[in-house]
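Engineer: next one to model:
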Amino acid sequence: QLQLVESGGGLVQPGGSLRLSCTASGSTTLDAYDIGWFRQAPGKEREGLSSISSSGGATMYSDFVKGRFTISRDNAKNTVYLQMNNLQPEDTAVYYCAVSEVLTLDRQWYDYWGQGTQVTVSS
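Structural biologist: As a prediction, this is how the structure comes out:
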C-alpha cells in the first residue's frame, strides 16, 4: 500500500522559509500520480495549497499561497517539494501531502495521506 511521508517542518520566524518534502515509503514510485499539499490548523478544516501533475508540467496554487509557495518534484528522487517563503504566523499548521489522479485542490480527490509535518511560525 502506498504510504507517504512528509518532512521538513519546524519552527521558523515570521518572514522565514522552509522546504517540505513528500516521499513514498518502500518501493512505491510517485511518478504516476498528481501530488497535492494541504494544511490543517487547529480547529480548522484541511485546505488545499498546491498541486503538481505527475510529470511536473502543470501546477496549481490556492490564492493565499500564490507567490509565496512553490511546488516542484524530482521523480528521479521520488520526492515532491513545497518551498515556502515569507512565512507568517497564520501559516502555522500541520502540512500534509497526498496523491490524486486529477490535478485539483479539492481534498475529496485525494488518497493515501501522509502523517503530516508541523510548521510553526512564531517569533
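Engineer: tell me the centre residue of this protein?
Structural biologist: Centrality entry for the chain: nearest residue to the mean C-alpha point is Trp37, 2.7 Å, by C-alpha atoms, centre = their mean.
Engineer: model confidence score at that one, please.
Structural biologist: Trp37 is assigned a predicted lDDT (pLDDT) of 98.
Engineer: could you do Arg19 as well?
Structural biologist: Here, the pLDDT recorded for Arg19 equals 98.
Engineer: go on, the one 4 residues further on?
Structural biologist: Looking at Thr23, its pLDDT is 96.
Engineer: need the contact list for it.
Structural biologist: Neighbour list for Thr23: Leu4, Val5, Ser7, Leu30, Lys77, Asn78, Thr79, Val80 [criterion: C-beta atoms under 8 Å, 6 or more residues apart in numbering]. Placement of C-beta: from N, CA and C, glycine included.
Engineer: do you know how far it is from Leu30?
Structural biologist: 7 Å (C-beta to C-beta, to the nearest Å).
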